[in-house]
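Undergrad: take a look and give me a structure for this.
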Amino acid sequence: MDTTIFLAIMAGAFMHAGWNAVIKIGLDRFSAILLLSLFQGAISFALIPFFPTIASDAWPWLFASILLHVGYKFFLIKAYALGDLSQIYPLARGTAPLIVSVISALYLGEVLSLTNALGIVSIGLGIMAMALSKGPDTPPLSKKALIFAFCTASFTAAYTLVDGIGARLSFNASSFTLWLFAGDSLIMLLSSVVLRGRGAIIKTLPEWKSGFVAGALSLGSYWIAIWAMTKAPIALVSGLRESSVLFAMFIAVFLLKEKAGIIRWLAAFSIGTGILLTRF
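TA: As a prediction, the model looks like this:
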């Protein structure tokens, strides 16, 4: 992985943490994710005409990815309703790189170097430690919250692998990304009408500014990740992308005024060490 790709992924990680923070402090979880999806879709539909059509071999992967992303969002909504951002977010994201590393090695032949593998493990362990630690004002996670967080992580691992393969088959990562978010937004729109009626959409309108920011950040973040997965091993991109947990912790501590004890700071050091190891 060259320096340009590495820096791009780190920028995407910061953007990813940013949109999660916006979602946490905005509307109720369902409305916030809906608003996010609508703006992702609006931006994507506006940009699609400027990019080539994806290759036919990529369409099945695209449809599978859309469904996985929608599932991820619904589980994330529930997880955020049950737990604290600085705990749920690391759990929801942290185990995914470990799963992706194993599966990509077994089925895609993308075996990482020992140093890179240690870096992924260091990031994963740091994330897990951060999630399971408790600050002085942080309530313990319930079993239900843990279940939804780990289910969310499973969706994350699944769509990461599907998107990496699909983007490579599409021959144009940008086109694949835009069609992905366009389709995702349509399903989220239909789901909201079925589950909550048209009023669910109207409810989001006063918060359109935060929705636009979150949607743009999320789209940009994953656009970078999908592009990077066509240039570097999927597992390595996945692991580095989850360094967004560091940024999420800083946002939670300094902006949301959540408490972080010594264990979380040590976990942050472990994640930072893992990032450095991926550079060798």
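
Undergrad: CA-only coordinates of the helix or strand harbouring residue 66 in CSV, if you can.
TA: Per DSSP states H and E: residue 66 is located in helix 59-82. C-alpha atoms of helix 59-82 as CSV (Å, rounded to 0.1, in the frame of the first residue of the first chain):
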residue,chain,number,x,y,z
TRP,A,59,-24.5,-6.4,-10.7
PRO,A,60,-25.2,-9.5,-8.5
TRP,A,61,-22.6,-8.3,-6.1
LEU,A,62,-24.1,-4.8,-6.1
PHE,A,63,-27.6,-6.1,-5.3
ALA,A,64,-26.2,-8.2,-2.5
SER,A,65,-24.3,-5.2,-1.1
ILE,A,66,-27.4,-3.0,-1.1
LEU,A,67,-29.3,-5.5,1.0
LEU,A,68,-26.3,-5.9,3.4
HIS,A,69,-26.0,-2.2,3.8
VAL,A,70,-29.6,-1.8,4.6
GLY,A,71,-29.4,-4.7,7.2
TYR,A,72,-26.3,-3.0,8.7
LYS,A,73,-28.2,0.3,9.1
PHE,A,74,-31.2,-1.3,10.9
PHE,A,75,-29.0,-3.2,13.3
LEU,A,76,-26.9,0.0,13.9
ILE,A,77,-30.1,1.9,14.7
LYS,A,78,-31.1,-0.6,17.3
ALA,A,79,-27.5,-0.9,18.8
TYR,A,80,-27.2,2.9,19.2
ALA,A,81,-30.6,2.9,21.0
LEU,A,82,-29.2,0.4,23.5
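
Undergrad: buried ones in it?
TA: Residues 59, 61-62, 64-80, 82 are the ones in helix 59-82 that count as buried (16 or more other C-beta atoms under 10 Å). C-beta coordinates here come from the backbone N, C-alpha and C atoms, glycine included.

Undergrad: right, and the helix or strand after it?
TA: helix 85-94.

Undergrad: that following helix vs helix 59-82, what angle?
TA: 160 degrees (axes from the mean of the first three to the mean of the last three C-alpha atoms, to 10 degrees).

Undergrad: helix 85-94 - what's its average pLDDT?
TA: What helix 85-94 shows for mean pLDDT is 71.

Undergrad: now do stretch 29-41
TA: Taken as a whole, stretch 29-41 has an average pLDDT of 87.

Undergrad: next one: stretch 161-171
TA: 95.

Undergrad: what residues does the helix holding residue 66 touch?
TA: Contacts to helix 59-82, defined as C-beta atoms under 8 Å, 6 or more residues apart in numbering, come from residues 23-24, 29-30, 33, 37, 54, 88, 91-92, 141-142, 144-145, 148-149, 151-152, 155-156, 158-159, 162-163, 165-166, 169-170, 176, 179-180, 183-184, 187-188, 191.

Undergrad: how far is it from where the chain is centred?
TA: Distance of helix 59-82 from its chain centroid, counting by C-alpha atoms, centre = their mean, to the nearest Å, is 10 Å.

Undergrad: after the helix or strand harbouring residue 160 comes which helix or strand?
TA: Using DSSP H and E, residue 160 falls within helix 143-170. On the C-terminal side of helix 143-170, the nearest following helix or strand under DSSP H and E is helix 173-196.

Undergrad: who are the packing partners of that following helix?
TA: The contact analysis (3 or more C-beta pairs under 8 Å, 6 or more residues apart in numbering; DSSP states H and E) places helix 173-196 against helix 29-47, helix 59-82, helix 143-170, helix 199-204, helix 208-229.

Undergrad: can you put these in a markdown table and add distance to residue 13?
TA: Converted to a markdown table, those look like this (distance: least, C-beta to C-beta, whole Å):
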| stretch | distance to residue 13 |
| --- | --- |
| helix 29-47 | 18 |
| helix 59-82 | 17 |
| helix 143-170 | 14 |
| helix 199-204 | 26 |
| helix 208-229 | 7 |
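
Undergrad: nearest to residue 14, out of the ones you listed?
TA: helix 208-229 (8.2 Å; C-beta to C-beta).

Undergrad: in that closest one, what counts as buried?
TA: 210-229.

Undergrad: so where's the stretch 151-280 of the chain shaky on pLDDT?
TA: Low-confidence segments of the stretch 151-280 of the chain (pLDDT under 70): none present.

Undergrad: give me that answer again for 90
TA: For the stretch 151-280 of the chain, applying pLDDT under 90 flags the ranges 151-154, 195-215, 218, 238-280.
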